[in-house]
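Student: Dropping the sequence and predicted coords here.
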Amino acid sequence: MLIGKKALLLDMNGTFMFGEDRFDDCQDFSAHYGRLGGTLPKEEIHQIIRAVYGYLSLRYPDEQYRHDFPSVRFAISDVVDKVLAHDEIERIIETFTHHELGFIPREYVTVLHTLRKYFQLAAVIDIWSPKEAWVRIFDETGILPLFSALSFSSDHGMVKPSAKPFKFVLTQLGIPKAEALVVGDSVRRDLGGAKNAGIDCILVGGAEHPDACRTFSNLIEFTSAIEAG
Ligand SMILES: [Mg+2]
């Protein structure tokens, strides 16, 4: 599985970040928005966030948008049919970000440090909001310096299973695909993207597929296998 592998190309959500994408009907989007000083009525902010989420959810699996995925800012401009003040748009984006953002459990911070002893680390990350909130969490938890290359889809609009974000980090790492291993929890996005890029893949988090080199219940179990040699 690991012979000749020098770098791990990690997925983020469901791989080392959890509790993301809180957009279900139980969410009160007005709470965070209110803390930011937003002035739109509760019902209106709820309707806007739900509409933006629906807009992006519909397009996310659509191959037509794989290399040109719309930003949250663009989605807002397309679903809201009135002129919003600049500050209001920023508060809506920040509210969307707040609900998209997950957390990194302490034990996953530890395993990332462990994996860095054995491999170069990169992450191929699909997010819809601007990356700054994620970079801040990476920095606060101390994992940011562990990564030699990062791809955030909201930087460039390329989403998995496109091969392009995987090739993008390989170029940053300066290694051939044979020396890389993708680690992720999604058969469609991670295994699919890895196959499209010609990179081996292992699945974590419960998903299984015959094309995966191996499967582990989570990144912790994978790290234990690495440490055990
Ligand atoms: Mg994932």
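Tutor: Sure thing, it's come through. Keep in mind the model is a prediction, meaning the values are calculated, not measured.

Student: which parts of stretch 32-52 are buried?
Tutor: 32, 33, 34, 38, 40, 45, 46, 48, 49, 52 (16 or more other CB atoms under 10 Å). All C-beta spots, glycine's among them, are computed from the backbone N, C-alpha and C.

Student: in this structure, what residue is nearest the ion?
Tutor: Using CB to the ion, the closest approach of the chain to the ion is made by residue 14 at 3.7 Å.

Student: residues from the protein in reach of the ion?
Tutor: By CB under 5 Å from the ion, the part of the chain that sits against the ion consists of 11, 13, 14, 185, 186.

Student: Strands of this structure, residue ranges please.
Tutor: Taking DSSP state E as the test, the strands found in the chain are 7-10, 120-125, 147-152, 180-184, 200-204, 214-216.

Student: what packs against the longest helix along the chain?
Tutor: The longest helix of the chain (DSSP state H) is helix 42-59. When contacts are defined as 3 or more CB pairs under 8 Å, 6 or more residues apart in numbering; DSSP states H and E, helix 42-59 packs onto helix 29-35, helix 72-79, helix 86-100.

Student: any idea how this structure splits into domains?
Tutor: Here the domain parsing of the chain from automatic domain parsing is 7-19+102-228, 29-100.

Student: and the helices and strands packed on helix 42-59 as CSV, adding distance to residue 176?
Tutor: CSV is the format used below for these (distance: least, CB to CB, whole Å):
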stretch, distance to residue 176
helix 29-35, 44
helix 72-79, 35
helix 86-100, 33
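
Student: what's across from residue 150 in the sheet?
Tutor: Here residue 150 sits in beta bridges with residue 123, going by DSSP bridges.

Student: Count residues in the vicinity of it, would you?
Tutor: Other residues near residue 150 number 21, with proximity taken as other CB atoms under 10 Å.

Student: Can you add mean pLDDT and give the helices and strands packed on helix 42-59 back as JSON lines?
Tutor: Conversion of those to JSON lines gives the following (pLDDT from 0 to 100):
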{"stretch": "helix 29-35", "mean pLDDT": "96"}
{"stretch": "helix 72-79", "mean pLDDT": "97"}
{"stretch": "helix 86-100", "mean pLDDT": "97"}
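
Student: mind showing which ranges of the protein have poor pLDDT?
Tutor: Within the chain, the set of residues satisfying pLDDT under 70 comprises 1.

Student: Nearest spatial neighbour of residue 225, chain-adjacent residues omitted?
Tutor: Closest residue to residue 225 in three dimensions, ignoring its sequence neighbours and counting by CB to CB, 6 or more residues apart in numbering: residue 216, at 6.8 Å.
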